[in-house]
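Asker: Need a 3D model of the following:
(3 chains)
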Amino acid sequence: MADPRFFTNVGPFRLDRLAEIAEADLGGTADPARLLQDVAPLDTAQADDLSFLDNRRYIKAFTGSRAGACVVHPDFAERAPEGMALLVTPEPYKAYARIASAFYPPPKRDGGIHPTALVDDSATLGEGVWIGPYAIVGPNAEIAAGVRLHAHVVVDAGVRIGERTEVMQGATLSHCLIGRGCLIHAGARIGNRGFGFALDPGGYVDVPQLGRVVVGDAVEIGANATIDRGAGPDTVIGDGCKIDNLVQLGHNVRLGRGCVLVAQSGVAGSSKLDDFVMIAAQGGVGGHLTLHAKAQLAAKSGLMHDIPPGETFGGLPAMPLKDYFRLVTLWKRQLKTMEKKKDG
Amino acid sequence: MADPRFFTNVGPFRLDRLAEIAEADLGGTADPARLLQDVAPLDTAQADDLSFLDNRRYIKAFTGSRAGACVVHPDFAERAPEGMALLVTPEPYKAYARIASAFYPPPKRDGGIHPTALVDDSATLGEGVWIGPYAIVGPNAEIAAGVRLHAHVVVDAGVRIGERTEVMQGATLSHCLIGRGCLIHAGARIGNRGFGFALDPGGYVDVPQLGRVVVGDAVEIGANATIDRGAGPDTVIGDGCKIDNLVQLGHNVRLGRGCVLVAQSGVAGSSKLDDFVMIAAQGGVGGHLTLHAKAQLAAKSGLMHDIPPGETFGGLPAMPLKDYFRLVTLWKRQLKTMEKKKDG
Amino acid sequence: MADPRFFTNVGPFRLDRLAEIAEADLGGTADPARLLQDVAPLDTAQADDLSFLDNRRYIKAFTGSRAGACVVHPDFAERAPEGMALLVTPEPYKAYARIASAFYPPPKRDGGIHPTALVDDSATLGEGVWIGPYAIVGPNAEIAAGVRLHAHVVVDAGVRIGERTEVMQGATLSHCLIGRGCLIHAGARIGNRGFGFALDPGGYVDVPQLGRVVVGDAVEIGANATIDRGAGPDTVIGDGCKIDNLVQLGHNVRLGRGCVLVAQSGVAGSSKLDDFVMIAAQGGVGGHLTLHAKAQLAAKSGLMHDIPPGETFGGLPAMPLKDYFRLVTLWKRQLKTMEKKKDG
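Answerer: All right, here's what the predicted structure looks like:
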């Protein structure tokens, strides 16, 4: 069970209510009135807990689980241990997300401005805004209703933040417009001057960075991520993008809707990611490239060329993933040949 | 036009004045008295705007641009659209930098110490120093004239900061001496104890890290970058170095003048980069290596050996870049051969 | 000598006392009563200084050093310059660590709560706790004896921190239990909600992250590192782990005892590192993998499979290191063949 120091469980729920929440079908023999107290991982769940199976890798944990109920894909339903109630759905992870959110809803939190917060008189604050201790809001900033700025957050002059966006501890925002319902994690740095300078025998000459960072709605930006403002055009992050910890976006980068950038990946200046592009962990995208819609880059890969729509690239340098896998197969064969020669 | 919430335009300027600022030649038919209101990217610039062409990749945007004036290399001047005034120079990016800085000069800012800043009585402050809210300056710190310490900056005991250096929000400095005219971005961590420990059956034994970080003049250090202090010798960063976001420098690393380390790159302990070395994004340099003057390491490459002066290495493991490119060509050929075999 | 602005030398020490501290043997001709004033690197040490030789790479510096005394492995003792006193030990780095700690012991520091620190009334504080300026301790947090929380640290509700742990400037802790004697560097982010969401045509559906981060004793966590809390299970870091700057640990990652993760490395969700696993700089470990005890991953490598106990993997994708080295040798041979063909 989730540690009550950190999470508040509002259960129990009846099984039929959970099926409704999850938009899942209740498995044949299950008692709709059965009460579930909590959610839990397959290996630690007990008779009062609901768990889920989403990854084929964990089937053993599923077949041996003592969970009272489990959200599961129809393909695996037959392998459930006896007595386990099933919520059957083609999308078990999403269904679990909804159920877990029912047991552990975000706490109701009041607005208010901590007495140590420094809010410039010219800033505008919507209804129910909460501003934590030692946070700072600069001149002419516009903070919409329901925004939450945690301790030590700095919102610089002129920044606009949309409704219900939450900014975690110590994040700093400048030269940016942020949409609604975003979550910006601790220590994220948004709107820094980009890495723009011209060569000169007397030293590098800084190029003024005159663009902004424009962030859509429902965007998540990870802890200690860094997003530079544009050099002239803006740096743009489309609605629903998920940006993980320690990700770097250079100036003028444009992300479409729903892009996913996993931890420690980076995109160099002026590259463009169309809708639903995915960059896996530690991936790197060179400058001035286009990744077309639904393109994917595998983990640790280094991209020097555009990716056509829907294709997955991987490797260093990145190539179509199937080519990369064939290359790796070739390497393995070559290693085996070397081995034989040595033995022979 | 740059968002007036964030940037203040002090234009207009006459074309001949801009040519003077840029040290560029005014193209033949242009009217020297023509007034330009702003700078703008090629694709959005209008008749009152000045733009620039620096990258061959954007020639189409140039030939189709409506910009009233453009800074351009002599090689491309002929391809300008009709009616566009030209400022011709072999260094268009630098020329643009100067013009943009004329339109958008850094704001004049007064000194002063915010009432919430905590400055130790034993610290010394030069003339015109500005210290922002909730910033902290420790005992015996020396803050020279014109330094700006933004909100939540922490300057630990004994740290020295040279004239006109600016430290952005939430950066923390300890065990370091910083030069003049530097820019240290938000969340940078300078002077942490390095990763030094000895093995022992009872657990690792920490080795005291007794060096400093010594930073020259006009150095830029990116957001959330981490620079450990020396273990005994110092960690040294030469004048004019440009260090991007999320870069890591281990203890005892020594950078010469004008080195450029692009985002998410890292240099392991005790390596030495001579003057004007460049590490591209996500590059990694092993420990105890020397990169001689003007050496370059390509993006995402992993270096295990020294690089001779002026050479460029790339790949994993890094080798002379032309070898790496030949290797990649070989791989492509091998893939094609495999393809044929499969088909044949 | 270490800069007295930052470090306090409590020497001198007699040579025989240093031998005792280091558990080393005093070389034949050395005068046990000789006084040493300081520690210093081989190349700058003078007659009053003690230095050390740990890395074969620095033998030249050793044979040419003016250090009055040196900690050295028996294998190299014979090559010492005349007149240098020797402390001979099979573990010179550890011996040096102890001597350097004798010269520069951690300063005695009193407890106390800075008047600007905000400590919730329901938090419990042990004896001798020190809480710096603008630090924040939330409701029901438990801060054990001797803990030091530096400026701007945020300890969220319910967090527990064990005895003598030190948290550097601006680090933020939530949803976590931290052991004794840990060192958490500036800007580290512990306990963020992990990167967990389910796909949905209407946008990603966030999965509640109901686990914690559980950190053992004597753990070091680097500057600006990010450690996400578990999704249901906990993220776990065993006793004595050393985690460097800018490292990323995803949700549910479990580290055994004494693991070492060098700068900018990352471990994806739900992977398990058994005791004494080592990940070199910029290494990446995929999700749901197991690295068995004493496994190692070379720098910049990308791991897609488990590593058996005690083995070292490297390359992209990572394979047994000796295979990777053979592959690199093959590539070099192929390059040479291409060269010959071109010439022939």
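Asker: Quick check: can you name the pairing partners of whichever strand or helix holds residue A:227 and their directions?
Answerer: Taking DSSP states H and E as the criterion, the element that holds residue A:227 is strand A:226-228. Within its sheet, strand A:226-228 is paired with strand A:189-192 (parallel), strand A:248-249 (parallel), according to DSSP bridges.
Asker: For the ones you listed, give me CSV that also has mean pLDDT and mean neighbour count.
Answerer: Placement of C-beta: from N, CA and C, glycine included. As requested, the strands paired with strand A:226-228 are arranged in CSV below (pLDDT from 0 to 100; neighbours: other Cβ atoms under 10 Å in any protein chain shown):
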stretch, mean pLDDT, mean neighbour count
strand A:189-192, 98, 28
strand A:248-249, 98, 31
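Asker: what's in contact with the helix or strand just after the strand holding residue A:227?
Answerer: Going down the chain from strand A:226-228, the next helix or strand is strand A:235-237, by DSSP H and E. Strand A:235-237 is contacted from outside by A:194, A:211-216, A:219, A:221, A:227-229, A:243, A:249-255, A:259, using Cβ atoms under 8 Å, 6 or more residues apart in numbering or on different chains.
Asker: coming back round to it: now the strands paired with strand A:226-228 as TSV including distance to residue A:126?
Answerer: What follows is the strands paired with strand A:226-228, written out as TSV (distance: least, Cβ to Cβ, whole Å):
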stretch	distance to residue A:126
strand A:189-192	20
strand A:248-249	27
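Asker: Just want the residue of the stretch 51-200 of chain A that's nearest chain C.
Answerer: Nearest residue of the stretch 51-200 of chain A to chain C, counting by Cβ to the nearest Cβ: residue A:94, 3.7 Å away.
Asker: any idea how far that residue is from residue B:314?
Answerer: Residue A:94 sits 42 Å away from residue B:314, going by Cβ to Cβ, to the nearest Å.
Asker: Same check on residue A:324?
Answerer: For residue A:324 relative to residue B:314 (Cβ to Cβ), the value is 18 Å.
Asker: Equivalent analysis for residue A:21, please.
Answerer: Going from residue A:21 to residue B:314 by Cβ to Cβ gives 53 Å.
Asker: Same drill for residue A:94 and residue B:314, tell me which one is more crowded.
Answerer: Set residue A:94 next to residue B:314 and count neighbours by other Cβ atoms under 10 Å in any protein chain shown: residue B:314 wins out with 27 against 23.
Asker: Roughly how far does that one sit from residue B:280?
Answerer: Distance from residue B:314 to residue B:280, by Cβ to Cβ: 9 Å.
Asker: between these two, what contacts are shared?
Answerer: Common neighbours of residue B:314 and residue B:280 (criterion: Cβ under 8 Å, 6+ apart): B:297-299, B:301.
Asker: out of those, which is most surrounded?
Answerer: Neighbour-wise, the shared contacts of residue B:314 and residue B:280 (other Cβ under 10 Å) top out at residue B:297, 29 neighbours.
Asker: looking at the sheet around it, what are its partners?
Answerer: With DSSP bridges as the rule, residue B:297 is bridged to residue B:279, residue B:313.
Asker: show me the contacts for it.
Answerer: Counting by Cβ under 8 Å, 6+ apart, residue B:297 makes contact with B:278-280, B:283, B:285, B:291, B:303, B:307, B:312-314, B:318.
Asker: where do the helices sit along the stretch 201-344 of chain A?
Answerer: Along the stretch 201-344 of chain A, counting by DSSP state H, counting those that start in this stretch, helices occupy A:321-343.
Asker: what does the stretch 51-200 of chain A put close to chain C?
Answerer: Neighbours of chain C within the stretch 51-200 of chain A, by Cβ under 8 Å from any Cβ of the partner chain: A:55, A:57, A:91, A:93-94, A:96-98, A:100-101, A:103-104, A:116, A:133-134, A:150-152, A:168-170, A:183, A:185-187.
Asker: Quick check: PyMOL command selecting the buried ones in those.
Answerer: Buried members of those can be picked out in PyMOL with the line below, counting by 16 or more other Cβ atoms under 10 Å in any protein chain shown:
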select buried, chain A and resi 91+93+94+96+97+98+100+101+103+104+116+133+134+150+151+152+168+169+170+183+185+186+187
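Asker: which ones among the residues of the stretch 51-200 of chain A next to chain C are found in helices?
Answerer: A:93-94, A:96-98, A:100-101, A:103 (DSSP state H).
Asker: Adding pLDDT and distance to residue B:270, write these out as JSON lines.
Answerer: Formatted as JSON lines, these follow (pLDDT from 0 to 100; distance: Cβ to Cβ, whole Å):
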{"residue": "A:93", "pLDDT": "95", "distance to residue B:270": "46"}
{"residue": "A:94", "pLDDT": "96", "distance to residue B:270": "50"}
{"residue": "A:96", "pLDDT": "97", "distance to residue B:270": "49"}
{"residue": "A:97", "pLDDT": "96", "distance to residue B:270": "47"}
{"residue": "A:98", "pLDDT": "96", "distance to residue B:270": "53"}
{"residue": "A:100", "pLDDT": "97", "distance to residue B:270": "48"}
{"residue": "A:101", "pLDDT": "96", "distance to residue B:270": "50"}
{"residue": "A:103", "pLDDT": "98", "distance to residue B:270": "52"}
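Asker: Is it possible to get a markdown table of those that adds distance to residue B:48?
Answerer: As requested, those are exported to a markdown table (distance: Cβ to Cβ, whole Å):
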| residue | distance to residue B:48 |
| --- | --- |
| A:93 | 54 |
| A:94 | 52 |
| A:96 | 57 |
| A:97 | 52 |
| A:98 | 54 |
| A:100 | 56 |
| A:101 | 52 |
| A:103 | 59 |
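Asker: top of the contacts of residue B:297 by neighbour count?
Answerer: Neighbour max across these (other Cβ under 10 Å) = residue B:285, 30 neighbours.
Asker: which residues does it form a beta bridge with?
Answerer: Applying DSSP bridges, one finds that residue B:285 bridges with residue B:267, residue B:303.
Asker: any idea how far chain A is from it?
Answerer: To chain A, residue B:285 is 16 Å away according to Cβ to the nearest Cβ, to the nearest Å.
Asker: so who does residue A:68 touch?
Answerer: A:34, A:36, A:45-50, A:84-85.
Asker: List buried residues within those.
Answerer: By neighbour count, with 16+ other Cβ under 10 Å, those hold A:34, A:36, A:45, A:48-50, A:84-85 as buried.
Asker: export the residues you listed to TSV and tack on pLDDT, secondary structure and distance to chain B?
Answerer: TSV is the format used below for the buried ones among the contacts of residue A:68 (pLDDT from 0 to 100; DSSP: H, G, I helix; E, B strand; the rest coil; distance: Cβ to the nearest Cβ, whole Å):
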residue	pLDDT	secondary structure	distance to chain B
A:34	95	coil	49
A:36	97	strand	42
A:45	96	coil	35
A:48	96	coil	41
A:49	97	strand	37
A:50	97	strand	39
A:84	95	coil	44
A:85	95	strand	47
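Asker: Closest one to chain C out of those residues, please.
Answerer: For those, the residue nearest chain C by Cβ to the nearest Cβ is residue A:45; the value is 9.3 Å.
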